[in-house]
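>>> Using only what follows, build the 3D model:
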Amino acid sequence: MRVDPAVIDLFCGAGGASLGLVEAGWDLRLAVDADPSCARTHAANLPGRFMLGDLRGMDDRALMDAAGVVPGELDLLFAGPPCQGFSIIGSRVVWDERNNLYQEVLRLASQIRPRCVVIENVPGLATLARGAYLHAILEGLTARGYKAACAELLAAQYGAPQMRWRLIIIAWREDLGIPAGYGFPRPTAGAAEIGELLPNCTIPAWQMKGFVTTAEAISDLPPVEAGEETSHYAGPPVGPFQEAMRAGLNGQLTNHYAARLSSANLARLRLIEPGQDWRDLPREMLPGSMQRALRKDHTRRYRRMTWEGVPRAVITRFRDPKSGEYTHPEQDRTITIREAARLQGFPDRFVFHGDRSSQYDQVGNAVPVPLAGAIACEVRRCLDGQLGDRLLAPFRRRPISFLGTHGELLPSLVELPMMMTEIEAEIGT
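Numbering: from 1, shown residues only. Next up is the predicted model:
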């Protein structure tokens, strides 16, 4: 009898990666996070144990005991360390303590010895500190006996209705004989392959064919006023994505809450048409800080979504219209927690727990479920001896000096010590 491969999900958050792994047939032995609200969400929606706590204080033996594995037995260690320190949306400061949580992943990989390690983060990881952090992670995996490679994957190319880019590192334990660059799934939507598109750059419409649009993702969800919540569907699903999101439900709707907005923001939204943003508002209606902004800046602030467009990346602040393109295509409000969860690929049966602020954080920080599922399927095929396509020139449009043809770390790089010395001098450490 075939046994499902075992996985531990570190920094699991609400469980986007966990759900993708489970749906791909993995045995979720353990999920770990420091947020108590995530513990409640996990218990309500996912199998496997949940361990609450900071990884920096966790003993590897206790973690393995909780997962029921011994060193060398685990099939996959999946980890999504907090990304705020790397993100271009965040502060991107070199000394942000969250940037060093990857060291806990390396520590546990060294002790647990999983067959495969997958690390998920934002594309900014590749550029912060001139790439030193990405280099350190790849070098650390190599030093611990793994063959690692990385690439930037777009969630919309794997079925998520969202233009969300993630940097993915996949590393194979050396004794498996799997070369670096395997395990990255080919896109299932659009006309481009991995490496042909770039984050934060315009993508032609012909290359987006098959991406799930706003209408296909959320048009069936009922109207709701800002500051209110609706708990029942108003009509049937339309199309395969909505049918999949509502599978197994009989009318009950959860987390369909829209954030309360100020009277000033409501007045602004009433004047904005689909596809328009703050530049289409009378200057006197803008917040004082934005009245001084250049028209080429902040082009997504206060933007109203369009039904035919593909939604932008969900962030934790999607409740705030000035944070980006999060205003509903027709209703004068930002998207609800449930609508944002749909964009992340969470089915409607997945209920988020904790206070509303926590729910916004859980959804905004999640790994897109379809992307995690695609990676999980490809990694499982590799472990079963069915190697697919090998990654080829994933950074050809934005070369990274220390990466090779398959997204792997080039050997004998002499410039990194100099890079780190310069960075340390800049921050005074």
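>>> pLDDT weak spots in the stretch 301-429 of the chain?
Across the stretch 301-429 of the chain, the ranges flagged by pLDDT under 70 are 412-429.
>>> ranges for the helices of the stretch 201-350 of the chain?
Ranges of helices in the stretch 201-350 of the chain, per DSSP state H, counting those that start in this stretch, are 214-218, 240-245, 263-271, 288-291, 337-343.
>>> Burial-wise, tell me which of those helices comes out on top.
helix 337-343 (a mean of 26; mean count of other CB atoms under 10 Å). The way it works is simple: take the backbone N, C-alpha and C, and place the C-beta from them, glycine included.
>>> In terms of secondary structure, what does that helix contact?
Contacts defined by 3 or more CB pairs under 8 Å, 6 or more residues apart in numbering; DSSP states H and E place helix 337-343 against helix 214-218, helix 356-364.
>>> Give me the residues contacting it.
Applying CB atoms under 8 Å, 6 or more residues apart in numbering, the external contacts of helix 337-343 come out as 160-162, 217-218, 221, 245, 253-257, 311, 314, 318, 326, 328, 335, 348, 350, 352, 356, 359-360, 363-364.
>>> if we go to 6 Å?
Residues outside helix 337-343 that contact it (CB atoms under 6 Å, 6 or more residues apart in numbering): 161-162, 217-218, 221, 245, 255-257, 311, 314, 318, 359, 363.
>>> what would the residues you listed look like in CSV with distance to Glu196?
Formatted as CSV, the contacts of helix 337-343 follow (distance: CB to CB, whole Å):
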residue, distance to Glu196
Pro161, 20
Gln162, 19
Ala217, 24
Ile218, 28
Leu221, 33
Met245, 29
Asn255, 36
His256, 37
Tyr257, 38
Pro311, 21
Val314, 24
Phe318, 28
Gln359, 36
Val363, 29
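>>> Relative to Trp172, which of those residues is nearest.
Gln162 (28.6 Å; CB to CB).
>>> Phi, psi for the closest one please.
Phi and psi for Gln162, reported as degrees, to the nearest 10, are phi -170, psi 130.
>>> OK, contacts around it?
Per CB under 6 Å, 6+ apart, neighbours of Gln162: 155, 311, 343.
>>> Number of residues surrounding the first one?
Ala155 is surrounded by 27 other residues when neighbours are defined as other CB atoms under 10 Å.
>>> Same question for the second one.
Here the number of neighbours of Pro311 (other CB under 10 Å) works out to 27.
>>> residues in contact with it?
So Pro311 contacts 161-162, 214, 343 (CB under 6 Å, 6+ apart).
>>> what's the spacing between the most far-flung residue of the chain relative to its centre and His328?
No residue in the chain sits farther from the centre than Glu284, which is 36.9 Å out by CA atoms, centre = their mean. Glu284 sits 25 Å away from His328, taking CB to CB, to the nearest Å as the criterion.
>>> Looking at Arg56 now. What's its pLDDT?
pLDDT, Arg56: 89.
>>> that's a helix at it, yeah?
Yes: per DSSP: H, G, I helix; E, B strand; the rest coil, Arg56 lies within a helix segment.
>>> Stretch 311-319 spans what distance, first to last residue?
Terminal residues of stretch 311-319 are spaced 15 Å apart (CA to CA, to the nearest Å).
>>> dump the residue contacts of the residue most central in space within the chain.
Nearest residue to the geometric centre of the chain (CA atoms, centre = their mean): Val367, 3.3 Å. Val367 makes contact with 16-17, 80, 120, according to CB under 6 Å, 6+ apart.
>>> closest to Thr306 among those residues?
Nearest member of those to Thr306, counting by CB to CB, is Gly16, at 25.2 Å.
>>> Give the burial count for the spatially closest residue to Leu154 that is not a sequence neighbour, as a bare number.
Nearest residue to Leu154, sequence neighbours excluded (CB to CB, 6 or more residues apart in numbering): Trp165, at 5.5 Å. Using other CB under 10 Å, Trp165 has 18 other residues around it.
>>> could we number from 42 for the rest of this?
Will do, 42 is the new start, and the previous item becomes Trp206.
>>> Surely Trp206 touches Pro240?
Yes: Trp206 sits in contact with Pro240 when judged by CB atoms under 6 Å, with a separation of 4.2 Å.
>>> Please convert the contacts of Val408 to JSON lines, extending it with pLDDT and distance to Leu179.
Shown next, in JSON lines, are the contacts of Val408 (pLDDT from 0 to 100; distance: CB to CB, whole Å):
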{"residue": "Gly57", "pLDDT": "98", "distance to Leu179": "24"}
{"residue": "Ala58", "pLDDT": "98", "distance to Leu179": "20"}
{"residue": "Gly121", "pLDDT": "92", "distance to Leu179": "17"}
{"residue": "Glu161", "pLDDT": "96", "distance to Leu179": "15"}
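>>> want to throw these into CSV with neighbour count, distance to Met346 and secondary structure?
Converted to CSV, the contacts of Val408 look like this (neighbours: other CB atoms under 10 Å; distance: CB to CB, whole Å; DSSP: H, G, I helix; E, B strand; the rest coil):
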residue, neighbour count, distance to Met346, secondary structure
Gly57, 29, 21, helix
Ala58, 30, 26, helix
Gly121, 24, 26, coil
Glu161, 24, 26, strand
